[in-house]
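**Student:** Mind looking at a prediction? Sequence and model below.
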Amino acid sequence: MRLKDQVAIITGSSRGIGRDIALRLAEEGCNIVVVGKTTEPHPKLPGTIYTVAEELEAKGVKALPIACDVRNVEAIGEMVEQAHKHFGRIDILINNAGALWWEPLMNTPVKRFDLMMDVNARAPFYAAQAVLPAMIEQKHGHIINMSPPIELEHVPYHIGYCISKFGMTLLTHGLAEEMRENNIGVYSLWPRTMIESLATINWGLGTPDMWRKASIMSDATLAVVTADPLLRTGRALLDEDVLREAGVTDFDQYNCVPGSNPPDLNTLWEMTRRV
């Protein structure tokens, strides 16, 4: 119970990686603020913020489901205020909500570009701003941005997406230094391989033998937030590297197809060079 009585806000936690992380942290005693837009069952999307809250409470922790569109800065502030008022503390923020559009510039409508900027870059900036007063008062906290290391070779054919996601990573690098004296760690975390999710399925990104389970991201997240905040602060981390540092050697346990050898994300970038 390494996170007993701590509180984590996880955006986009009604399904997928966000839900998996919420359940993993709950196993260590962490109370969870489940943040998402889905409040009613959807025929094509599993789960709501309320069904996830029920799953978490079944593990013996407290869960607070909050409907929040992270494109709305005022809604982010109200969500954080409600969470702090309810629990009296905020220890962890995981900026997991994401929007994607893996297309070249000429195929990118304004609406898609703005969505990625609002969800991927703008929302984490203001969510961090909203939680920091509580973390500064505690002199302790963790902020994880689900974003990749900045590698410029991936920008062609993904320009809009990279602008937004690399913006999250720049937030990590800059805020880590601004918050170091307050003992608040800020990190980016990204998978080394493709993860089984609605994104990989709906975009036709490979086959199950090319995917790992979301649990590898959950275990990596747990390793980060149970360590000293300054141990990894300012780094753009990969899930596998974090777990190797933590002593994990068996990565077949995370493969969707046992015995397979999922390729790294360079394959994903190549697969999505849609001309």
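**Tutor:** Nice, I can see it. The model shown is predicted, which means the values in this text are computed figures rather than measured ones.
**Student:** hey, where'd the strands end up in the chain?
**Tutor:** Taking DSSP state E to define them, one finds strands in the chain at 7-11, 31-36, 63-67, 92-95, 141-145, 184-190, 194-195, 211-212, 236-238.
**Student:** contacting residues around Glu151?
**Tutor:** Glu151 makes contact with no residue under the criterion Cβ atoms under 8 Å, 6 or more residues apart in numbering. To be clear about C-beta, it is placed using only N, CA and C from the backbone, and glycine gets the same treatment.
**Student:** quick one on the thing from earlier: in a markdown table: the strands of the chain, plus mean neighbour count and distance to Ala75.
**Tutor:** Formatted as a markdown table, the strands of the chain follow (neighbours: other Cβ atoms under 10 Å; distance: least, Cβ to Cβ, whole Å):
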| stretch | mean neighbour count | distance to Ala75 |
| --- | --- | --- |
| strand 7-11 | 27 | 11 |
| strand 31-36 | 29 | 10 |
| strand 63-67 | 19 | 9 |
| strand 92-95 | 28 | 15 |
| strand 141-145 | 26 | 19 |
| strand 184-190 | 26 | 22 |
| strand 194-195 | 24 | 27 |
| strand 211-212 | 24 | 33 |
| strand 236-238 | 20 | 28 |
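**Student:** Worst mean pLDDT among those strands?
**Tutor:** Within the strands of the chain, confidence is poorest for strand 194-195, with a mean of 92 (mean pLDDT).
**Student:** Show me what that one is packed against.
**Tutor:** Using 3 or more Cβ pairs under 8 Å, 6 or more residues apart in numbering; DSSP states H and E as the contact criterion, the neighbours of strand 194-195 among helices and strands are strand 211-212, helix 265-271.
**Student:** Show me what the first one is packed against.
**Tutor:** Applying 3+ Cβ pairs under 8 Å, 6+ apart, we find strand 211-212 packed against strand 194-195.
**Student:** Adjacent strands (with direction) for the strand it packs on?
**Tutor:** strand 211-212 (parallel) (DSSP bridges).
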